[in-house]
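*Asks:* Please find the sequence and the predicted model below.
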Amino acid sequence: DLMYEIKGLTELEKKVSKILNINKVIIVPGNSDENDMFKKDIGKAAARLLLSMIRPGNTIAITGGSTVNQMVKAIQPLGSTYDDVFVLPARGSVGHRVEYQSNTLASELAQKLGAKYKLLNIPDHLSKKSLESIIKEPEIQDTLEKVSKADILIFGIGNALKMAEKRGLSETILDFLRRKEAVAEAFGYYFDPSGNIVYTSRSVGIKLDDIKKIPYMIAVAGGTSKAQAIKAAGHLLKHGCVVMDEGAANEIIRCA
Ligand code: G3H
């Protein structure tokens, strides 16, 4: 019955937060690997959490991804409730599916909240030189400065190799990632199972040093296949919260 289910999940949450050494873990029923529908529940839980966190004048940085997308979708339009809040993409454009980019999700979240927003419209595969000169633009500088001081960071956790392939990284880099045993990806950083960064994608946005200073973080990831990635990226979340599904949670416990 429902009470039993909720109690069971609370136990599971305690277990998983202990294993991951994370302050707060929220687990929703189901396994996103089996049915994409469960991502919606992760999104709903993350949306509820976000709305309980936002304070006047906050800056929110958000990444892309299909799970973060579900969080944005779960929020009902709130009029101008948060008109002194700023929403920013945590990274410049990444990947090809425009609807899941952090820029798109930042503007959608801002619209839902009635908040202000700024975008980082930077093409994905710029040469180092072009990227360096774009970064110097005052407009971009201003946005990056704001991103670095975000109060709340919302991000998806991906599988390193899947994300690298999606982003069209070269075979040389894919090989490198395999050799380094990269398992997780978040905001353009690739992590090995111990949480060390083994590769950084060439894009602009939030830096690891900034992340350490952000007081509130919400990570979202679901499915058995994300367990290893969640574990590897977990150290970023000591003071944060990860919202996952039972599929991911049970696998994290199985491998502990
Ligand atoms: O960086 C990680 C990805 O944003 C995760 O994307 O939620 O679509 O699996 P996903």
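*Replies:* Received the coordinates, thanks.

*Asks:* Surely residue 59 touches residue 89?
*Replies:* No: counting by CB atoms under 8 Å, residue 59 does not reach residue 89; the two are 11.9 Å apart. C-beta coordinates here come from the backbone N, C-alpha and C atoms, glycine included.

*Asks:* Could you check which of those two is surrounded by more residues?
*Replies:* Looking at residue 59 and residue 89 with other CB atoms under 10 Å, you find the greater number of neighbours at residue 89, namely 31 against 20.

*Asks:* Can you give me every residue that contacts the more buried one?
*Replies:* 61-64, 101-103, 105-106, 119-120, 147, 205 (CB atoms under 8 Å, 6 or more residues apart in numbering).

*Asks:* which one is it nearest to, not counting chain neighbours?
*Replies:* Counting by CB to CB, 6 or more residues apart in numbering, residue 89 lies nearest to residue 102, which is 3.7 Å off, once chain neighbours are set aside.

*Asks:* which residues does the nearest residue to residue 207 once chain neighbours are set aside contact?
*Replies:* Take residue 207 and drop its neighbours on the chain: the residue closest to it by CB to CB, 6+ apart is residue 148, 6.8 Å away. Contact criterion CB under 8 Å, 6+ apart gives 206-207, 210 as the residues in contact with residue 148.

*Asks:* how close does residue 148 get to the ligand?
*Replies:* Separation of residue 148 from the ligand (CB to the nearest ligand atom, to the nearest Å): 19 Å.

*Asks:* Could you do residue 230 as well?
*Replies:* Looking at residue 230 against the ligand, where the rule is CB to the nearest ligand atom, the gap reads 11 Å.

*Asks:* Across the sheet, point out what pairs with the residue most central in space within the chain.
*Replies:* Centrality entry for the chain: nearest residue to the mean C-alpha point is residue 155, 1.3 Å, by CA atoms, centre = their mean. Residue 155 has these beta-bridge partners by DSSP bridges: residue 219.

*Asks:* returning to that earlier point: just the pLDDT for the residue nearest to residue 207.
*Replies:* In this prediction, residue 148 carries a pLDDT score of 95.

*Asks:* So which bits of this protein are right by the ligand?
*Replies:* For the chain, the residues found near the ligand under the criterion CB under 6 Å from any ligand atom are 63-67, 156-158, 163, 185-186.

*Asks:* So which of these belong to strands?
*Replies:* Taking DSSP state E, the ones among the residues of the chain next to the ligand that sit in strands are 156, 158, 185-186.

*Asks:* Pull up the gap between residue 118 and the ligand, please.
*Replies:* If you measure residue 118 against the ligand using CB to the nearest ligand atom, the figure is 20 Å.

*Asks:* What's the mean pLDDT across stretch 241-254?
*Replies:* 97.

*Asks:* Flag every buried residue along it.
*Replies:* Buried positions in stretch 241-254, judged by neighbour count with 16 or more other CB atoms under 10 Å: 241-252.

*Asks:* Can you tell me which of the residues you listed is nearest residue 9?
*Replies:* Nearest to residue 9 among the buried residues of stretch 241-254: residue 246, at 7.5 Å, using CB to CB.

*Asks:* No further questions, thank you.
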